[in-house]
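Visitor: Give the three-dimensional model of this entry:
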Amino acid sequence: MEAAKVDVRPGGVRLTEGGNIAADLIISEAGVAVKYNVYLRKDDILLQFQSTDRSRVELAARLLRLAGVSVEVKKREGKRDV
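Guide: Sure thing, here's the model as predicted:
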């Protein structure tokens, strides 16, 4: 089996209300693309994807793993799955 090829495209750099830098990061593999939010904070980098569709979240996590990122899927407390 051949290794998966992952394409990463950065874009949409902006300044947040808190004065941090944020950007859009699109990771795609086999024609499937997912857009993540990346926040460059004072001491770390936060990579975030939110959705109420659990299967979409699992796909987003899989693409991150293919790109070599350690990822954790969590359910946000509240009325909806996020």
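
Visitor: pLDDT score assigned to Leu15?
Guide: For Leu15, the model assigns a pLDDT of 90.

Visitor: OK, contacts around it?
Guide: Going by CB atoms under 8 Å, 6 or more residues apart in numbering, Leu15 touches 21-22. For every residue, glycine as well, the C-beta is placed using N, CA and C.

Visitor: May I have the beta-bridge partners of it?
Guide: Beta bridges link Leu15 to Ile21, judged by DSSP bridges.

Visitor: how close does it sit to Ala30?
Guide: 34 Å (CB to CB, to the nearest Å).

Visitor: Next: Leu40.
Guide: 29 Å.

Visitor: More neighbours: which of those two?
Guide: Leu40 (13 against 10; other CB atoms under 10 Å).

Visitor: For the closest residue to that one other than its chain neighbours, grab the count of nearby residues.
Guide: The spatially closest residue to Leu40, leaving aside those adjacent along the chain, is Ile21, at 4.3 Å (CB to CB, 6 or more residues apart in numbering). Ile21 has 13 neighbours, counted by other CB under 10 Å.

Visitor: Over to the one 3 residues further on?
Guide: Counted with other CB under 10 Å, the burial measure for Asp24 works out to 14 neighbours.
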